[in-house]
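K.L.:
Attaching a predicted model along with its sequence, questions to come.
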Amino acid sequence: MSKFYVQSGELRLVLVAETVELAAIAAVDTIMSQHLWIYEEETLGDEIRRDHLMVEALCQLDAVIQINERGFDREDSVLIGTPEVVEEWHLLMTRLSGLFVAAGLPPRSLPLRGIATSPAIAT
């Protein structure tokens, strides 16, 4: 696993992840975990959930997430579109919530920490 410096908007995290993409998803998870209630709300459709999450994410993050293995504010950072990462996160949460419910558990309510990534330092 590698150490990644992830930044977008006010968010600056140092994460340990297997890939750049997983680091981006973990960063979005950090911001969006407070919105997990949306997967417990049975009256909401998938499109409404996705739209709500996208608005919330883009209120807190820039249009892109910058990821680098050397540090923050570097010109050689990998740039990944925030909407694409939020969409991937939403698909993951939808699937996880479905699995939790199928197992007789409530939908996911804890951050992804320790599943695919782990934080090294949160700043």
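P.N.:
Okay, I see it.

K.L.:
Please count neighbours and contacts with C-alpha atoms only from this point.
P.N.:
Fine.

K.L.:
Need the contact partners of stretch 75-87.
P.N.:
20, 24-25, 28, 50, 53-54, 57-58, 61-68 (C-alpha atoms under 8 Å, 6 or more residues apart in numbering).

K.L.:
Apply the buried test to those and list what passes.
P.N.:
Neighbour counting with 16 or more other C-alpha atoms under 10 Å marks 20, 24-25, 28, 50, 53-54, 57-58, 61-68 as buried within the contacts of stretch 75-87.

K.L.:
In strands only, show me the residues you listed.
P.N.:
Using DSSP state E, the subset of the buried ones among the contacts of stretch 75-87 located in strands is 64-68.

K.L.:
Mind telling me the two of those farthest from one another?
P.N.:
The largest separation in those, counting by C-alpha to C-alpha, is between 64 and 68 at 13.0 Å.

K.L.:
got the contact list for residue 5?
P.N.:
Per C-alpha under 8 Å, 6+ apart, neighbours of residue 5: 12-15, 66-72.

K.L.:
Wait, a helix at it?
P.N.:
No. If the criterion is DSSP: H, G, I helix; E, B strand; the rest coil, then residue 5 is strand and not within a helix.

K.L.:
for stretch 55-70, how far is the first residue from the last?
P.N.:
30 Å (C-alpha to C-alpha, to the nearest Å).

K.L.:
Tell me which stretches of the protein form strands.
P.N.:
2-8, 11-17, 64-68, 78-81, 117-122.

K.L.:
Just want the angle from the first one to strand 64-68.
P.N.:
Meaning strand 2-8. Angle of strand 2-8 versus strand 64-68, following axes from the mean of the first three to the mean of the last three C-alpha atoms, to 10 degrees, is 150 degrees.
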